[in-house]
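**Student:** Compute the structure for the input listed below.
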Amino acid sequence: MTRIHSSLMRRYALLMIILLGISLRVGYALAIYEPSLLNYNVDDFVSYRNAADDILRGDLAFTNSLYMKRPPLYALLVAALQIQPMLVILANIALGTVIIPLAYKLARQFFLSREYALLAALIIAIDAASIRQSANLRADALASLLLAIAFVCLLKLQHADTATIAVWGLLSGTLIILSAFTRPAAYLLWIPMSLWVVLARDGGGRFLAILSLSAIPVFGIGIGWNAILLATSGFGLLKMAKERQVVDVLFLLLPCLYFLTGTLLVATASFDTRARVMVTPLLAIMAAHGLRHLLNRRRAASAGP
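**Tutor:** Alright, predicted model coming up:
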């Protein structure tokens, strides 16, 4: 009976956290409202609105040059909502809120206790960047939600039996590329996550896991030469690291990190919170781990010798 009561209390707590997240997002959206909708990033929305107009006129071949800058998935959502800005904002709030219980699920997959998993969910609920990026007219909420579900599937892939490896791999890869078709930030994420599978996969099935994870993204991004080049480069780097060729690995890796990090610092300095939102569920889990460690150390110190 006590166990049932505890389970109900945790579900109630998660529900309260979700409601808190909704309230903060709706409250923020109402607080910044003004008739021109400039505060909701309507300047970005103009291109999505134009793409949605084309879609509603029947252009499903995505021939508009707008798609060179704005991937089509969010434009499809805008078209489905009949290009009504307030409906799009409400949809984004709903999509951003769904990430809260997903953070709880991810935390449990990392073997955090239910209490600390609730803490991870709470961090997402009250995170200012997540609130801001949910209550706007950008593609961030949908892209981040798809990526959060992909993370759940990737962790399922880690321990999947041989009968379900391909299922979880295909789901993970599909969700990653769908996130990229919403906002391009994740379009090559499948490459480092394939390397993670090599290290994390229990037992056999690594080749099938990597093949199923990468199949849809390779097909989806179309840039076959780059995919092969990056995949083989990553595999070679991993092999060199396993053979403890540390000096050679550093020589090859440091220039890559320099240029990539430099580009990110210059190109996204004014959008750092926007970029962070996509990995905030992972940051929340790390924060919950850190807080658990600090609290446990404090309890041990209080208990004395």
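**Student:** List the buried residues for stretch 212-222?
**Tutor:** By neighbour count on 16 or more other C-beta atoms under 10 Å, the buried set for stretch 212-222 is 212, 213, 214, 215, 216, 217, 218, 220, 221. Quick note: C-beta positions are derived from backbone N, CA and C, even for glycine.
**Student:** Strands along this structure, start to end?
**Tutor:** Remark: no strands are assigned in the chain by DSSP state E.
**Student:** okay, and the helix or strand of it with the least pLDDT?
**Tutor:** Ranking every helix and strand in the chain by mean pLDDT, DSSP states H and E puts helix 272-277 at the bottom, with a mean of 64.
**Student:** what's the pLDDT at residue 258?
**Tutor:** pLDDT, residue 258: 69.
**Student:** ok, now the one 5 residues further on?
**Tutor:** At residue 263, the model reports a pLDDT of 54.
**Student:** How about the one 3 residues further on?
**Tutor:** With respect to pLDDT, residue 266 has a value of 56.
**Student:** same question, residue 113
**Tutor:** 92.
**Student:** Let me see the contact set for it.
**Tutor:** residue 292 (C-beta atoms under 8 Å, 6 or more residues apart in numbering).
**Student:** Please report how far it lies from residue 119.
**Tutor:** For residue 113, the distance to residue 119 (C-beta to C-beta, to the nearest Å) stands at 9 Å.
**Student:** Likewise for residue 293?
**Tutor:** Per C-beta to C-beta, residue 293 is found 13 Å from residue 119.
**Student:** The two - which one has more neighbours?
**Tutor:** Comparing residue 293 with residue 119 by neighbour count (other C-beta atoms under 10 Å), the higher total belongs to residue 119, at 22 against 10.
**Student:** pretty sure that one is touching residue 295, no?
**Tutor:** No: assessed by C-beta atoms under 8 Å, residue 119 is found out of contact with residue 295, at 10.2 Å.
**Student:** How about residue 283: what's its closest non-neighbour residue?
**Tutor:** residue 276 (7.3 Å; C-beta to C-beta, 6 or more residues apart in numbering).
**Student:** cool, residue 206 as well?
**Tutor:** That would be residue 198: by C-beta to C-beta, 6+ apart, it lies 5.9 Å from residue 206.
**Student:** Run through the residues that contact that neighbour.
**Tutor:** Contacts for residue 198 (C-beta under 8 Å, 6+ apart) come out as 206, 210, 238.
**Student:** can you put the residues you listed in TSV and add pLDDT, distance to residue 149 and neighbour count?
**Tutor:** Shown next, in TSV, are these (pLDDT from 0 to 100; distance: C-beta to C-beta, whole Å; neighbours: other C-beta atoms under 10 Å):
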residue	pLDDT	distance to residue 149	neighbour count
206	88	23	16
210	90	20	24
238	75	27	15
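**Student:** how about those in a markdown table, adding distance to residue 55?
**Tutor:** Output for these, formatted as a markdown table (distance: C-beta to C-beta, whole Å):
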| residue | distance to residue 55 |
| --- | --- |
| 206 | 40 |
| 210 | 35 |
| 238 | 42 |
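**Student:** Tell me which of these fall in helices.
**Tutor:** 206, 210, 238 (DSSP state H).
**Student:** Pick the one among those closest to residue 168.
**Tutor:** residue 210 (12.2 Å; C-beta to C-beta).
**Student:** Could you tell me how many residues sit around the closest residue to the closest one other than its chain neighbours?
**Tutor:** In this structure, residue 210 finds its nearest non-sequential neighbour in residue 194, 4.8 Å apart by C-beta to C-beta, 6+ apart. When neighbours are counted by other C-beta under 10 Å, residue 194 registers 23.
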